[in-house]
Each structure stands twice: as structure tokens, then as C-alpha cells.
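Enquirer: next input, structure requested:
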Amino acid sequence: MRARKFLLGIPVGGLLLTAAWAVPGWRSNELVLGDLPVAAEPGEELQGGATTVPASGRTSFGRSPANMYRARWPYFHKGKGVFDRDWLDPKFAPVRVGPLFSAASCTTCHDRDGRGQPPSSLVFQLSGPEGQGAHPLYGVQLDPRGVEGTQAEGQAVVAYDEVPGEFADGAPFSLLRPRYTFEELSRGPLGQGARFSPRVSPAVFGLGLLEAIPEETLLALADPEDANGDGISGRPNYVEDDVERRPKLGRFGWKANQPSVQQQVTHALFADMGLTTSLLRDGPGEPELGGQELDALVFYTRLLAVPKRRDWDAPQVLRGKAVFRAIGCGGCHVSGPLETGDVPDLPELSRQKLYPYTDLLLHDMGEGLADGRPDGLASGSEWRTPPLWGIGLVEVVNGHTRYLHDGRARNLEEAVLWHGGEAAPARERYVRLPLEDREAMLAFLRSL
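Expert: Predicted coordinates:
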């Protein structure tokens, strides 16, 4: 494929600079954008390394790794059974959800192991005045459902205001800004200064691979003081580990508030369904989800495979990848490969070259996306960089294209246009792209 030069107007300090890219080694006398790819990289289509599965249909997010030992299949299947279980089904009595809960199964929110959409899969995490601690009346999450005889805590209602905008070439766009109100609150108003954070359930595949990336690899990507002056200052979130009782690097959740797959699973069981485990309970007595079933569920969640990319070597997709890197998206959504370390209990995950397009670090995304609710070391405007692998299959698997932490973006382009804070320069560069380059970048994202 021939190298091409694309032009981009970038506003810097009130001046408009013209930059060019996609010619290896090419340098503008106004701005240096470095070497950018004009060809497919060997193995980049295998986003999860040897675990990657060639899937593009409705079950693309629920597959076992391509390199998984056959002897593990029964245990993987057992974990899937727990993941799919409806805990309101009488046959599982006396273990039941609740008495207050948001969902009756993992698949209620993670349909086909994928991504939820508003309003059905929105949960609202709560904090007390000024964002400190659990809410004094409603705890850490508002529960909209209750078992028979138990009154639900309340209902959240979402409405949207249209926010118009325009690309540099004059083409219009519009975004949706959500507004939330709370009704039927059983214990009284949330109160002055209370904080809430709407969260849509993310897809759950590839988590074991992200867990296996060495901590030093991720810390090497951090730049909390922006020492290199690129305007991007990703930093780690450190959170309490329930087992080791010490702070550990957060990797999972919208604000990187969980350090391991096991803890992510146990906290979701407790917060979303009211199910206790040996690691998280609310009183004496036996946990509701036994150790064997919990272990199988965690095993299943750690091993869910990443789907293979489509059209990764198509000319438009390669062009879109160059645009993605040139405008600065790779500053957070790291475009180069990351390698997992040794995973003794799951060798399938060991030493795999990954393309998740994330650094798993916290970044300030500006007031437009801020929820105002601190979480661990994360501020009210910071979010963990979400992985992009599989993002182009959400419509196929889950039947929608709602993105961002609260699902406000109706498509990938709107998700880009909501970026602010550290990502504001990249967003502004995207707005100034010609249509052909915007379409190429979206084609690249759909290939992931």
C-alpha cells in the first residue's frame, strides 16, 4: 500500500497548525507526528494472542479460548451455567437474590457476555455528601427491585437533551446529554450533596488477559505529572484487595476500582444481586454462593476469549488506524501490543501478545463526562481507559450501539465526540478531519 499524506488543522494556542502524517519519517516544519503504519502489523488481528477465536456472530463474546485444554471444558461450562443462572428461579431455593437487587442473573446485564444499554442495564452507584462513603440511606447502589414482600429502593428515570455541533467541513452532528431523576424513593430523598454515578455494564470477555498484564507494564505507561508534555497524564488507581488486605493496582470497572477478576465478580454478585460469597458477606452464616460455584464462575470469566478482528488489512481500515494514532487516540488507547506475564494456574493466558487498546489507567475526561463521584483514588472526572477490542461486534452481539460509561453515545462517532479533558485535543482534531478520514477511523474502530 502506498504511503499517503493527509492534512489536518490543529488549533494550538489560538493558531491553526497544519500537520501531515502517514508518510514514514515525514516531518512537517510545523509539527512532528512521527512514523505511522501503512501496512498491517503481523498478528494484530489476533487481539488476544493465541487465545483469540475467529468469531463474528451473536456468540462472539461467549467463547472459550482457542488454546484452552480440552479437559477444562466441563469446568468452563459449569461456570457458564452459574453466569446464566436466574436466581429468582424457585429450583435454586433457598439461595435467592435480594432481598433488594438490580438484576437476577449475570446475563440480565451482560447479555451474551456483552455490553448493556440504557435504561435497562443502568445501575446507579451512590455516595454520601460530597462523595464520601456509602449513601447513609441507600448504601453503595440504588436497588430498583425487591423480592416479594420487600419494597424496592426507587427508580431512576433518564431523559436526554440534544446538544448540536458541527464538523469543520460544515457537516452537523448532535449528541445526547442525559438528565436523571429519581422516583418512588422508599427511604426518602437522596439529600443535599449526595452523589450518584450511572454505569452501563461492560462486556466481560478478555478480563483474564488484562489481569495477566504485569503491573510494571502498566505503570510504565503512567505519566501522572505529564512529564513528557503531551497533555495526557494517565495514573493508576490503587484499591483495597479483599483477600490480601492491602492496596493493589485497580484494573476493572469504569474507574479501575477492582484489582482482580475475582473481586470484580464477588462485588458484582453482592451489589447487583445481593448474593454473598466467602469473600463478601453481610453477616454470619454460610455464604449464598458456595466456593465451588464461585470458583467456576471466576474461572469462566477469566477465560472468556477475545474475538478476532475483521478486515484488519483493508486499505480503509489501515488508513483509519493511521488517523487514530495521528490525532492522539493512542495516548490512552495504547495501539501497540502489550504482553501478558506467566499465569501458573491458567497457562493459556501466559505470554500472549495483546491488542486491547487500553492502558487501564485513569484519565481526566472533562466535565462533560464527569459524574462528580470519587472512587478510590479516581476523581469525579476520571475514568479508566476502556478496552476497545470487540467494540465493532457490539451491534451484532447485543443489538445496539450505545457506548460510554452511561450509554449516552448512540454510536462510535458520538463516543469520540464526547471526549474531553485530556482527550479534548484528539477530539478537536477529529472534528477537523475531512469526511473521508472520519469514515476511515470509524471503519478501523469497527474492525476491532
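
Enquirer: now do the SS call for Val343.
Expert: Assigned state for Val343: coil (three-state reduction, DSSP: H, G, I helix; E, B strand; the rest coil).

Enquirer: helices and strands around the host helix or strand of Glu293, which ones?
Expert: Applying DSSP states H and E as the criterion places Glu293 in helix 291-303. Using 3 or more Cβ pairs under 8 Å, 6 or more residues apart in numbering; DSSP states H and E as the contact criterion, the secondary-structure elements in contact with helix 291-303 are helix 73-84, helix 207-211, helix 261-273. C-beta coordinates here come from the backbone N, C-alpha and C atoms, glycine included.

Enquirer: if we look at the first one, which residues are touching it?
Expert: What that stands for is helix 73-84. With Cβ atoms under 8 Å, 6 or more residues apart in numbering as the test, helix 73-84 has contacts from 62, 64, 68, 105-107, 110, 113, 289, 293, 296-301, 303.

Enquirer: name the next helix or strand downstream of that helix, please.
Expert: Following helix 73-84 in sequence, per DSSP H and E, is strand 100-101.

Enquirer: could you point out which element follows that next one?
Expert: The helix or strand immediately downstream of strand 100-101 is helix 106-109, counting by DSSP H and E.

Enquirer: per-residue confidence averaged over that next one?
Expert: Averaged across helix 106-109, pLDDT comes to 96.

Enquirer: do stretch 49-58 as well
Expert: So the average pLDDT for stretch 49-58 ends up being 97.

Enquirer: what about it, start to end distance?
Expert: End-to-end distance for stretch 49-58, by Cα to Cα, to the nearest Å: 21 Å.

Enquirer: can you check stretch 355-375 too?
Expert: With Cα to Cα as the measure, stretch 355-375 spans 27 Å from end to end.

Enquirer: do the same with stretch 361-376
Expert: Across its full length, stretch 361-376 reaches 13 Å between end residues, using Cα to Cα.

Enquirer: for that stretch, buried residues please.
Expert: Residues of stretch 361-376 classed as buried by neighbour count (16 or more other Cβ atoms under 10 Å): 361-366, 368-371, 373-376.

Enquirer: now Val265. Nearest residue, chain neighbours left out?
Expert: The shortest distance from Val265 to any non-neighbouring residue, by Cβ to Cβ, 6 or more residues apart in numbering, is to Val298 (5.3 Å).

Enquirer: against Thr276, how distant is that neighbour?
Expert: To Thr276, Val298 is 15 Å away according to Cβ to Cβ, to the nearest Å.

Enquirer: same question for Arg112.
Expert: Taking Cβ to Cβ as the measure, Arg112 and Thr276 are separated by 27 Å.

Enquirer: swap in Phe444?
Expert: Applying Cβ to Cβ, one obtains 44 Å for the distance of Phe444 from Thr276.

Enquirer: out of the two, which sits in the busier spot?
Expert: Between Phe444 and Thr276, counting by other Cβ atoms under 10 Å, Phe444 is the more crowded of the two (27 against 19).

Enquirer: that one belongs to a helix?
Expert: Yes - when classified by three-state DSSP, Phe444 is found to be part of a helix.

Enquirer: quick one, phi/psi of Leu126?
Expert: phi -120, psi 160 (degrees, to the nearest 10).

Enquirer: beta partners of it?
Expert: On the basis of DSSP bridges, Leu126 takes part in beta bridges with Phe196.

Enquirer: what about it, how many residues close to it?
Expert: Neighbour number of Leu126 under other Cβ under 10 Å is 23.

Enquirer: residues touching it, list them.
Expert: With contact taken as Cβ under 8 Å, 6+ apart, Leu126 is in contact with Ala134, His135, Tyr138, Gly139, Val140, Gln141, Leu142, Leu190, Ala194, Arg195, Phe196, Ser197.

Enquirer: tabulate those in TSV, adding columns for distance to Arg72 and secondary structure.
Expert: Supplementary listing: these in TSV, determined by distance: Cβ to Cβ, whole Å; DSSP: H, G, I helix; E, B strand; the rest coil:
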residue	distance to Arg72	secondary structure
Ala134	38	coil
His135	41	strand
Tyr138	41	coil
Gly139	37	strand
Val140	34	coil
Gln141	33	strand
Leu142	38	coil
Leu190	46	coil
Ala194	45	coil
Arg195	42	strand
Phe196	41	strand
Ser197	37	strand
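
Enquirer: of those, grab the buried ones for PyMOL.
Expert: For anyone working in PyMOL, the buried entries among the contacts of Leu126, judged by 16+ other Cβ under 10 Å, can be selected with:
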select buried, resi 135+138+141+142+190+194+195+196+197
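
Enquirer: can I get the contacts of Leu126 in CSV with distance to Ala222?
Expert: Output for the contacts of Leu126, formatted as CSV (distance: Cβ to Cβ, whole Å):
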residue, distance to Ala222
Ala134, 29
His135, 31
Tyr138, 34
Gly139, 32
Val140, 27
Gln141, 29
Leu142, 33
Leu190, 35
Ala194, 32
Arg195, 26
Phe196, 29
Ser197, 23
